[in-house]
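**Q** What follows is a predicted protein model with its sequence.
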Amino acid sequence: GEQVEQRPPHLSVREGDSAFITCTYTDPNSYYFFWYKQEPGASLQLLMKVFSSTEINEGQGFTVLLNKKDKRLSLNLTAAHPGDSAAYFCAVSGSGGSNAKLTFGKGTKLSVKS
Amino acid sequence: AQTIHQWPVAEIKAVGSPLSLGCTIKGKSSPNLYWYWQATGGTLQQLFYSITVGQVESVVQLNLSASRPKDDQFILSTEKLLLSHSGFYLCAWSAQVSNERLFFGHGTKLSVL
């Protein structure tokens, strides 16, 4: 089945710096990709849903890059601020396009220091 | 607007005792429903999913069971808790189409002592 590796597991940056998180996946037929944010003690909130046809996806204060050739999904938080401190999870929808086959990365705990 | 409500918010239980966690979705008919488990500081593990009333699929065996007695309700339970059941349990729903985003409940923190 689909394997998703997320790195780094922990990331600490200063306010204003960029924070870069990467997920690699194994199923070349994966078609939908998600980034979720989980603040301490809270549930997961969707940051962005990405289709396999779009390589560069701009959000508010972040960019999501999809490299299908390398099977890599990246989240780049530009000019991070303390409110970005949270755990971030990527999720990949496997072949067949069913949420029943959604595979999550192990998460990255981001700490932004002021 | 759709809402998802999980109960209880937190539980402290003894090893060997039973457990029942619940999840209700309002404002959405026939959702796909999911249970996820997150070990303390850890990754998300999908436990169960359901696409219709009375039908539940198990994704991983953790000595837990799930049921969907109504279209808007998903129950996670066990008759005998283990220490390894401690963690954060998240219920989620998605629309009945492929590859829609998940909407997560606020979660239940379970401590097994």
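**A** Noted; the coordinates are in hand. Residues are numbered from 1 along each chain as shown, chains lettered A, B, ... in the order given.

**Q** near chain A, which residues of chain B show up?
**A** Within chain B, the positions near chain A by C-beta under 8 Å from any C-beta of the partner chain are B:32, B:34, B:41-44, B:46, B:49, B:51, B:57, B:59, B:90, B:94, B:98-102, B:104-107. All C-beta atoms are positioned from the backbone trio N, CA, C, and that covers glycine.

**Q** are any of those residues buried, and which?
**A** For these, a burial check counting by 16 or more other C-beta atoms under 10 Å in any protein chain shown picks out B:32, B:34, B:43-44, B:46, B:49, B:51, B:90, B:94, B:98-102, B:104-105, B:107.

**Q** What about the residues you listed, which are in strands?
**A** B:32, B:34, B:44, B:46, B:49, B:51, B:90, B:94, B:104 (DSSP state E).

**Q** Show me the two of these that sit farthest apart.
**A** The largest separation in these, counting by C-beta to C-beta, is between B:44 and B:51 at 19.6 Å.

**Q** which regions of chain A sit below the pLDDT cut-off?
**A** A:94-101 (pLDDT under 70).

**Q** which residues in it form strands?
**A** A:4-7, A:10-14, A:19-25, A:32-38, A:44-51, A:56-58, A:62-67, A:72-77, A:86-93, A:102-104, A:108-113.

**Q** out of the ones you listed, deepest packed?
**A** strand A:86-93 (a mean of 25; mean count of other C-beta atoms under 10 Å in any protein chain shown).

**Q** what angle sits between it and strand A:72-77?
**A** 150 degrees (axes from the mean of the first three to the mean of the last three C-alpha atoms, to 10 degrees).

**Q** Walk me through which strands strand A:86-93 pairs with, and which way each runs.
**A** Applying DSSP bridges to the sheet, strand A:86-93 is found paired with strand A:32-38 (antiparallel), strand A:102-104 (antiparallel), strand A:108-113 (antiparallel).

**Q** sorry, back to before: dump the strands of chain A into a markdown table; add distance to residue B:78 as well.
**A** Formatted as a markdown table, the strands of chain A follow (distance: least, C-beta to C-beta, whole Å):
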| stretch | distance to residue B:78 |
| --- | --- |
| strand A:4-7 | 28 |
| strand A:10-14 | 32 |
| strand A:19-25 | 32 |
| strand A:32-38 | 25 |
| strand A:44-51 | 23 |
| strand A:56-58 | 40 |
| strand A:62-67 | 38 |
| strand A:72-77 | 35 |
| strand A:86-93 | 25 |
| strand A:102-104 | 23 |
| strand A:108-113 | 29 |
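
**Q** give me the beta-bridge partners of the residue nearest to residue A:40 when sequence neighbours are not counted?
**A** In this structure, residue A:40 finds its nearest non-sequential neighbour in residue A:86, 7.2 Å apart by C-beta to C-beta, 6 or more residues apart in numbering or on different chains. Using DSSP bridges, the bridge partners assigned to residue A:86 are residue A:110.

**Q** do residue A:44 as well
**A** Bridge pairing for residue A:44 (DSSP bridges) gives the partners residue A:38.

**Q** Residue A:17: neighbouring residues, count only.
**A** 14 (other C-beta atoms under 10 Å in any protein chain shown).

**Q** and the gap between it and chain B?
**A** 24 Å (C-beta to the nearest C-beta, to the nearest Å).

**Q** what phi and what psi does the backbone show at the residue nearest to that residue when sequence neighbours are not counted?
**A** Sequence neighbours aside, residue A:80 is the residue nearest to residue A:17 in space, at 5.9 Å (criterion: C-beta to C-beta, 6+ apart). Phi and psi for residue A:80, reported as degrees, to the nearest 10, are phi -60, psi 150.
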